[in-house]
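Q: okay, sequence plus prediction incoming.
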Protein chains: 6
Amino acid sequence: MTAVFSVTVRDHMMIAHSFSGEVFGPAQRLHGATYVVDATFKRVDLDADGIVVDIGQAAEALHAVLAELTYRNLDEEAAFEGMNTSTEALARVVADRLAEKVHAGELGEGARELDALAVTLHESHIAWASYERFL
Amino acid sequence: MTAVFSVTVRDHMMIAHSFSGEVFGPAQRLHGATYVVDATFKRVDLDADGIVVDIGQAAEALHAVLAELTYRNLDEEAAFEGMNTSTEALARVVADRLAEKVHAGELGEGARELDALAVTLHESHIAWASYERFL
Amino acid sequence: MTAVFSVTVRDHMMIAHSFSGEVFGPAQRLHGATYVVDATFKRVDLDADGIVVDIGQAAEALHAVLAELTYRNLDEEAAFEGMNTSTEALARVVADRLAEKVHAGELGEGARELDALAVTLHESHIAWASYERFL
Amino acid sequence: MTAVFSVTVRDHMMIAHSFSGEVFGPAQRLHGATYVVDATFKRVDLDADGIVVDIGQAAEALHAVLAELTYRNLDEEAAFEGMNTSTEALARVVADRLAEKVHAGELGEGARELDALAVTLHESHIAWASYERFL
Amino acid sequence: MTAVFSVTVRDHMMIAHSFSGEVFGPAQRLHGATYVVDATFKRVDLDADGIVVDIGQAAEALHAVLAELTYRNLDEEAAFEGMNTSTEALARVVADRLAEKVHAGELGEGARELDALAVTLHESHIAWASYERFL
Amino acid sequence: MTAVFSVTVRDHMMIAHSFSGEVFGPAQRLHGATYVVDATFKRVDLDADGIVVDIGQAAEALHAVLAELTYRNLDEEAAFEGMNTSTEALARVVADRLAEKVHAGELGEGARELDALAVTLHESHIAWASYERFL
């Protein structure tokens, strides 16, 4: 691979949760976070329209993934039972759910040519976490 | 007043809460937020050291106020019983608690000359709220 | 007035335009801009729900105002005939159109108690302009 | 005054300095800062071209003021002898020097109608200071 | 390669354009954008002066590339005939033109040792695109 | 490697220094900088607690590294004798000192599984530099 294109869209979610494990200190209490979420779509070549992915469809797909998480207490979601919903773990959840939508054709037929996907969750102005995977 | 100086310090808190009232829609569910908090201290003249307030003491005072709120479920805090902890309402809480510290001399004797105080809480990259008051 | 609350929501628009007048130099040519738009709503007291304005309705109102401007060549819009659509002039247009929506009750009945409105248009990372008015 | 327009331009400077006074702790040692500087020009009405001030002339004026300060050790500048070059004190220096340029006509004849000027110096991602004055 | 250094400089351009293809929806109309442009220069080792590239020369090279694009209607530029000037496609144009300048020695002799180049164009606070290539 | 997680923490330092070499122009004079510093920790798998590294320990480690540099004139530090403390060179210094702390177990036993480390120093709103290395 000699070069790579990417497109990123940003959205956010606001959730409650708590952590299990001494290492988390006061974050073991029920608290919450706004996650400003950046989803980056990567590919080696542009499609016939000259784009990586339709930015409108990318934004809708990200919004749909976040809509299933936002305004919720993640401690009560079956999908997260027995796991810590750390920022980095949630980055993977969002990335994997976006990957499913890519594979299902929800970002357009051309998006099936995407090579990789990265998701960054900003939890504050001084901390963020990412997960990057191939598609 | 022909001119005014100000100094701002930034910190953050991460809380859970829910809202009462139909207008809040899905935010009536238990969820959470990271608030990136800016506290601005204003005065007409600089003090003998050439400053508005010692930036170190200002940052410590803000951190102390936020330490009483962060990593908590605000729905269970006695101080907020019967009120919606909206972003704008919390901006006032932080500002009023900072004002008490100013009046108690915790930001230094010179800080008693401060004229006004503004607090902004950023709840996401697309929404924030402020409260400004005299001291 | 001893204190004031505010709530701000952010959105954006992407337009083409050109300017008339030697002072504008190369900006006399047809070019374009992304305006990241912040709309700030101000009032002295919170309403019965403990808010300045419903943030959802505020965001929808701003989006509706920007939807009439975005993805257009402002040089061909009748509303702007004979005027330069400078960043500061557009800030006023957005603010005045938002004010009409406030007065028409589109931001909720409580929003009629709003005292002032400020709109900031960011045209780049190094330049922005604002317009603030009473309601 | 029922409404006000403003235009802001951003630039930066990189200086060395030290402070006198116990309150400054380790900042009494020679150290340095990047100041990201925002200069805001305000007026009640737009000029005949539909602007607050020519953004190009405003940016040049700010750059000229900062060029006299940047890449210097402020402890050795005669202009600052006997004073602490705190962020808030430097905000006033920049604002007053910009005001001189406005009055000298360097921002254009129309800029003589400017009503006020505010300067903000960002010293880090968690601290900044401002000075606002009439013209 | 066990490690890599990089230096990034930021500038911007303001252009008008339109897109061809149903996928673009309302962006098929003539509109515009501010692109805040980050150019990142990468290399495995620092040069004899202890730098990746002279930041002043890098900023000048980026400014020169953007000067050929800014304040223009890209629909009328011969260089872009028959292509969509999407954010990702423009990122490649800027990167390739910077690469030519690197190879022509315009960023200094040492810059010929650069290994890769990445260009990011931010089209709004919620969307950006990148292109990265070897040199 | 099919995927990678990362966590980033942000802090800052404020230093004075000067550069040797004609290429640096006015930056050969004693001046200074605020560096906003991002430290990114990367690994292929999460640990038993579901995290990359404890964010509290990561922030403390970064703060400890920066505490040895901030509020100093780097020209007088023995560690930097004979080298230019360029932004990119300092990024390496911070990264290497953090790597030592990782290897010494100061970020927790689990952090010994970290695969790579990247450090970015922002010197202004328009320039930054990075260094990335394996652990």
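A: The structure has been received and is ready for your questions.

Q: can you pull the contacts of the residue nearest to residue A:113 when sequence neighbours are not counted?
A: Among residues not flanking residue A:113 along the chain, residue A:43 sits closest, at 5.7 Å (Cβ to Cβ, 6 or more residues apart in numbering or on different chains). C-beta coordinates here come from the backbone N, C-alpha and C atoms, glycine included. Residues counted as contacts of residue A:43 (Cβ atoms under 8 Å, 6 or more residues apart in numbering or on different chains) are A:4, A:5, A:6, A:52, A:53, A:113, A:114, A:115, A:116.

Q: distance check, the second one against chain C.
A: Distance, residue A:5 to chain C, by Cβ to the nearest Cβ, to the nearest Å: 20 Å.

Q: I figured that residue was touching residue E:90, is that so?
A: No. In this structure, residue A:5 is not within contact of residue E:90 by Cβ atoms under 8 Å, at 11.1 Å.

Q: can you tell me, leaving aside adjacent residues, what's nearest to the most centrally placed residue in chain A?
A: For chain A, residue A:94 is the residue whose C-alpha lies nearest the centre (Cα atoms, centre = their mean; 3.2 Å). Leaving out its chain neighbours, the residue that sits closest to residue A:94 by Cβ to Cβ, 6+ apart is residue A:119, at 4.7 Å.

Q: show me the strands in chain A, by range?
A: Assigned by DSSP state E, chain A shows strands spanning A:3-17, A:31-43, A:72-73, A:116-124, A:127-134.

Q: pLDDT on the longest one, on average?
A: The one in question is strand A:3-17. Mean pLDDT, strand A:3-17: 98.

Q: quick check, it touching chain F?
A: No. Strand A:3-17 is not in contact with chain F by Cβ under 8 Å from any Cβ of the partner chain; minimum separation 11.7 Å.

Q: tell me how far that strand lies from the chain's centre.
A: Its chain's C-alpha centre and that of strand A:3-17 lie 6 Å apart, by Cα atoms, centre = their mean, to the nearest Å.

Q: just to revisit the earlier point, so which of the strands of chain A gets nearest residue B:70?
A: strand A:31-43 (7.1 Å; Cβ to Cβ).

Q: what is the orientation angle of the closest one with strand B:3-17?
A: 90 degrees (axes from the mean of the first three to the mean of the last three Cα atoms, to 10 degrees).

Q: just checking, what packs against the longest helix belonging to chain A?
A: When chain A is scanned for its longest helix (criterion: DSSP state H), the result is helix A:87-103. In this structure, helix A:87-103 makes packing contacts with strand A:31-43, helix A:55-67, strand A:116-124, strand A:127-134, strand F:3-17, judged by 3 or more Cβ pairs under 8 Å, 6 or more residues apart in numbering or on different chains; DSSP states H and E.

Q: is the longest one positioned near chain D?
A: Read it as strand F:3-17. Yes. Strand F:3-17 comes into contact with chain D (Cβ under 8 Å from any Cβ), by way of F:10, F:12, F:14, F:15, F:16, F:17.

Q: burial of residue A:26, as a residue count?
A: For residue A:26, the count of nearby residues is 13 (other Cβ atoms under 10 Å in any protein chain shown).

Q: let me redo that: residue A:100
A: Neighbour tally, residue A:100, other Cβ under 10 Å: 12.

Q: give the contact list for residue A:110.
A: A:47, A:48, A:49, A:51, A:53, A:54.

Q: backbone dihedrals for the second one, please?
A: Meaning residue A:48. Main-chain torsions, residue A:48, degrees, to the nearest 10: phi -60, psi -30.

Q: about what we covered before: export the longest helix of chain A as PDB, just CAs?
A: Presented in PDB, the C-alpha positions along helix A:87-103 are these (Å, rounded to 0.1, in the frame of the first residue of the first chain):
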ATOM      1  CA  THR A  87     -13.600   4.400  26.700                       C
ATOM      2  CA  GLU A  88     -11.300   2.000  24.800                       C
ATOM      3  CA  ALA A  89     -13.800  -0.900  25.000                       C
ATOM      4  CA  LEU A  90     -16.600   1.300  23.900                       C
ATOM      5  CA  ALA A  91     -14.500   2.500  20.900                       C
ATOM      6  CA  ARG A  92     -14.300  -1.100  19.800                       C
ATOM      7  CA  VAL A  93     -18.100  -1.600  20.300                       C
ATOM      8  CA  VAL A  94     -18.800   1.400  18.100                       C
ATOM      9  CA  ALA A  95     -16.200   0.300  15.500                       C
ATOM     10  CA  ASP A  96     -17.500  -3.300  15.300                       C
ATOM     11  CA  ARG A  97     -21.100  -2.100  15.000                       C
ATOM     12  CA  LEU A  98     -20.100   0.300  12.200                       C
ATOM     13  CA  ALA A  99     -18.200  -2.500  10.500                       C
ATOM     14  CA  GLU A 100     -21.400  -4.600  10.500                       C
ATOM     15  CA  LYS A 101     -23.300  -1.800   8.800                       C
ATOM     16  CA  VAL A 102     -20.500  -1.400   6.200                       C
ATOM     17  CA  HIS A 103     -20.700  -5.200   5.400                       C
END
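
Q: quick one: it to helix A:55-67, angle?
A: On the basis of the same axes, to 10 degrees, helix A:87-103 is oriented at 130 degrees to helix A:55-67.
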